[in-house]
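Novice: Just the structure for this:
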Amino acid sequence: MTRHSLASRILRRGPLEAVATTIIAAGVVMLMQPFFLTLYSLSFAVTLFGTVMFTIVSKVRE
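Specialist: Presented below is the predicted three-dimensional model:
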């Protein structure tokens with residue numbers, strides 16, 4: 001039985017894609033909420049960050 005380090009278990013495509021998707025969803029929710037201008041102002045940057053992260057993570061090994 002091989003033992004994998006904590007970093008190799010975390011730095012896999014599945015969990016990182018889930019995190020990137022959650023960040024994208026958070027950016028969209030921030031864009032749609034009508035109450036806080038600061039959240040609305042940051043929503044594009046958050047969505048863009050999640051999209052770039054998803055693009056990079058999709059190249060990571062399984």
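Novice: ranges for the helices of this protein?
Specialist: Secondary structure of the chain, counting by DSSP state H: helices at 6-10, 13-32, 37-57.
Novice: Run through who's touching the longest one.
Specialist: The reference is to helix 37-57. The set of residues external to helix 37-57 that reach it, using Cβ atoms under 8 Å, 6 or more residues apart in numbering, is 13, 16-17, 19-28, 30-31, 33. Bear in mind the C-beta positions are built from the backbone N, C-alpha and C, glycine included.
Novice: Quick check: buried residues in it?
Specialist: 39, 43, 46-47, 50, 53-54, 57 (16 or more other Cβ atoms under 10 Å).
Novice: ok, those vs Leu6, which is closest?
Specialist: Taking Cβ to Cβ as the measure, Leu6 lies nearest Val57 of those, at 17.9 Å.
Novice: Mean pLDDT added to the helices of the chain, as JSON lines?
Specialist: Below are the helices of the chain laid out as JSON lines (pLDDT from 0 to 100):
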{"stretch": "helix 6-10", "mean pLDDT": "69"}
{"stretch": "helix 13-32", "mean pLDDT": "94"}
{"stretch": "helix 37-57", "mean pLDDT": "95"}
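Novice: In ChimeraX, select just the buried ones from the contacts of helix 37-57.
Specialist: Selection of the buried residues among the contacts of helix 37-57 in ChimeraX, burial being defined by 16+ other Cβ under 10 Å:
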select :16,20,23,24,27,30
